[in-house]
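In: Give me a model of this one.
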Amino acid sequence: MINGIMAKKVGMSRIFVDKGVCVPITVLKFQDLRVLGFVGDKKVQIAFDGGETKKKSKAIKSKFDKLDIPLKSSIKEFEIFDSKLFADKYKIGDSINISDIISVGDKVDVVSKTKGKGFQGVIKRHGFAGGRKSHGSRFHRAPGSIGGCATPSKVFKGIKLPGRMGFVQNTIKNLSILNIDLDNQIIQVSGSVSGSSMTSVYIRKVLSKK
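Out: Predicted structure coming up:
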């Protein structure tokens, strides 16, 4: 089949397992995944709801209309591992069954965007210690010197400076799927997942290493 699914982060909770052990979990709501087309024999285009649909071009909207598929906001290519089995079971426009891809007990990697922090200084962004807080110091939260004057008479690339923080792609590896509720479209995974609530996440199945 394919190597993953798309979902949205609902939030965090906890469950109690054997002997009263508390396990933190992240609740994910999987979406209606529709087959939009095939790219060769090894990849398939999947449409899902990941944001606003009003910004889609007329060309994209007409493609959904021709295939008689409800308009989706996002399109992603997935790798197919068994192309013959996938082609026999799913045609263009079909909705993918989550049970064919993942099951309880599987190990997954969850890819998502971290929370955006906006423009931040060097103390919050890079963990600088800062200066003394005592009276008369006049050096508290500034970055300090960023290079010499005569030598090297330039600022090296990659130096730690203030700037935008957060909203970068992050992967949490080797999470376990604890429960799948097909009726309510809910997946419970162990541990935490990056991002705020309603963030789109990519659940990628971990393949066994030979």
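In: all strands of this protein, in order?
Out: With strands called from DSSP state E, the chain shows them at 4-16, 22-30, 34-39, 43-48, 74-79, 107-113, 116-120, 163-166, 169-181, 186-190, 200-205.
In: what angle separates the second one from strand 200-205?
Out: Between the axes of strand 22-30 and strand 200-205, defined by axes from the mean of the first three to the mean of the last three C-alpha atoms, to 10 degrees, the angle is 110 degrees.
In: want to try JSON lines for the strands of the chain, with mean pLDDT and mean neighbour count as columns?
Out: Every residue, glycine included, has its C-beta placed from N, CA and C. Formatted as JSON lines, the strands of the chain follow (pLDDT from 0 to 100; neighbours: other C-beta atoms under 10 Å):
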{"stretch": "strand 4-16", "mean pLDDT": "92", "mean neighbour count": "17"}
{"stretch": "strand 22-30", "mean pLDDT": "94", "mean neighbour count": "18"}
{"stretch": "strand 34-39", "mean pLDDT": "86", "mean neighbour count": "18"}
{"stretch": "strand 43-48", "mean pLDDT": "87", "mean neighbour count": "20"}
{"stretch": "strand 74-79", "mean pLDDT": "86", "mean neighbour count": "17"}
{"stretch": "strand 107-113", "mean pLDDT": "94", "mean neighbour count": "19"}
{"stretch": "strand 116-120", "mean pLDDT": "97", "mean neighbour count": "11"}
{"stretch": "strand 163-166", "mean pLDDT": "96", "mean neighbour count": "14"}
{"stretch": "strand 169-181", "mean pLDDT": "94", "mean neighbour count": "15"}
{"stretch": "strand 186-190", "mean pLDDT": "95", "mean neighbour count": "20"}
{"stretch": "strand 200-205", "mean pLDDT": "92", "mean neighbour count": "21"}
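In: buried sites along stretch 53-69?
Out: 56, 60, 63-64, 69 (16 or more other C-beta atoms under 10 Å).
In: most remote residue from the chain's center?
Out: Centroid-distance maximum for the chain: G136 at 46.7 Å, with C-alpha atoms, centre = their mean.
In: Quick check: the gap between that one and R204.
Out: G136 is 55 Å from R204, where distance means C-beta to C-beta, to the nearest Å.
In: returning to what we had before: and the buried residues of stretch 53-69, which two are furthest apart?
Out: Pairwise distances across those (C-beta to C-beta) peak at 12.6 Å, for the pair K56 and I69.
In: For the residue at minimal distance from the centre of the chain, give its distance to Q45.
Out: Closest to where the C-alpha atoms of the chain average out (C-alpha atoms, centre = their mean) is S112, at 1.7 Å. Look at S112 and Q45: by C-beta to C-beta, they are 21 Å apart.
In: Burial check on Y90, number of neighbours?
Out: When counting by other C-beta atoms under 10 Å, one arrives at 21 neighbours for Y90.
In: Contacts only, for it.
Out: Contacts here follow C-beta atoms under 8 Å, 6 or more residues apart in numbering; on that basis Y90 touches 35, 96.
In: Also I75?
Out: I75 makes contact with 36, 45-48, 60 under the criterion C-beta under 8 Å, 6+ apart.
In: change it to 10 Å
Out: Contact analysis of I75 by C-beta atoms under 10 Å, 6 or more residues apart in numbering lists 34, 36-37, 45-48, 50, 56, 60, 63-64.
In: Fine, thanks again, bye for now.
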